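Q: model the structure of this input:
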Amino acid sequence: MLVVGFPSGPLQANCYLLAPGEGEACVVVDPGQDVAETLAEQLRKHRLTPVAVLLTHGHFDHCFSVAPVCDGHDIPAWVHPEDRGLLSDPGRGLGVATRAMFGGSLEMREPAEVRELADGAELDLGGLRVSVAHTPGHTGGSVSFHTGTEEGGRLMLSGDTLFAGSIGRTDLPGGDHQQMLETLRTRVLPLPDDTVVLPGHGPTTTIGRERVSNPFLRGLGSVDQTDPADADAPAAPHRGL
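A: Numbers count the residues shown, from 1 in each chain. Below you'll find the model as predicted:
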């Protein structure tokens, strides 16, 4: 499998290309701000043909370029229904202070074709088999994508649910700390240690590495769900939105 990743835009959100190999069909995951030039370069370099865009969630730093990428290649965008509204109204997912940072408004629109993701769905996209897990917490419609390699390796595209050494923030509209803890407990911790995590920001990691070193995962199984403020972990540093 070919995996190409690069950060984009002021918030350095990771955009990924996944393909069975060079010269094949590919999927584009999270085309954020300022991706056009680098994306075109990587498509030419690896002789790839996009067949779909997958969105881990609806924050604009991950999907700002979804309409031009999709419409430019005549391909659909896949997004969870709870975050679909953010594609045309990105301000709904931002706090007042964050909106002010970007001039108070952001203009976006849906691409011509949008398809909605469902928990547990299995997508067959250009020869790639991708499974979908609903992982709310960072946003209500956050998802992670899971696929495997011919060599037997496992990949998780975690969006802003899990980072190397941290997790996504839950203080913006649509975020929910209690849901995040449940997602981490039920959707992240059960994964095999050798699962390679491709996060929405920052470097690649593995589930095994995060299980023993990430302060938000250590001891999570014993956290009392009655009050998420009691969780014995530091506040998540803000990475992206």
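Q: please count neighbours and contacts with C-alpha atoms only from this point.
A: Fine.
Q: mind exporting stretch 33-52 as CSV, just the C-alpha atoms?
A: Coordinates of the C-alpha atoms in stretch 33-52 are reproduced here as CSV (Å, rounded to 0.1, in the frame of the first residue of the first chain):
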residue,chain,number,x,y,z
GLN,A,33,-6.4,24.7,3.7
ASP,A,34,-3.8,25.4,1.0
VAL,A,35,-3.5,21.8,-0.3
ALA,A,36,-4.0,22.4,-4.0
GLU,A,37,-0.3,22.7,-5.0
THR,A,38,1.1,19.9,-2.9
LEU,A,39,-1.8,17.6,-3.6
ALA,A,40,-1.3,18.1,-7.4
GLU,A,41,2.4,17.4,-7.0
GLN,A,42,1.9,14.2,-5.2
LEU,A,43,-0.8,13.0,-7.6
ARG,A,44,1.6,13.6,-10.5
LYS,A,45,4.6,12.1,-8.7
HIS,A,46,2.9,8.8,-7.9
ARG,A,47,0.6,8.8,-11.0
LEU,A,48,-2.5,8.6,-8.8
THR,A,49,-6.2,9.1,-9.8
PRO,A,50,-8.5,10.3,-6.9
VAL,A,51,-11.8,8.4,-6.6
ALA,A,52,-13.1,9.8,-3.3
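Q: buried residues in that stretch, which are they?
A: Gln33, Asp34, Val35, Leu39, Leu43, Leu48, Thr49, Pro50, Val51, Ala52 (16 or more other Cα atoms under 10 Å).
Q: next one: stretch 121-132
A: Glu122, Leu125, Gly126, Leu128, Val130, Ser131, Val132.
Q: ends of that stretch, how far apart?
A: Its first and final residues considered, stretch 121-132 spans 5 Å by Cα to Cα, to the nearest Å.
Q: ok, now stretch 123-133?
A: Start to finish, the residues bounding stretch 123-133 are 12 Å apart (Cα to Cα).
Q: distance from the chain centre to that stretch, please.
A: Put simply, stretch 123-133 sits 15 Å off its chain's centre (Cα atoms, centre = their mean, to the nearest Å).
Q: stretch 205-221 now?
A: With Cα atoms, centre = their mean, you get 19 Å for stretch 205-221.
Q: quick one: mean pLDDT for the host helix or strand of Gly208?
A: Following DSSP states H and E, one finds Gly208 within helix 207-213. When pLDDT is averaged over helix 207-213, the result is 95.
Q: please identify the buried residues of that helix?
A: Ile207, Gly208, Arg209, Glu210, Arg211.
Q: which residues of the protein fall in strands?
A: Taking DSSP state E to define them, one finds strands in the chain at 2-8, 13-19, 25-29, 49-54, 77-79, 114-116, 122-125, 128-134, 143-148, 154-159, 162-163, 166-167, 196-199, 205-206.
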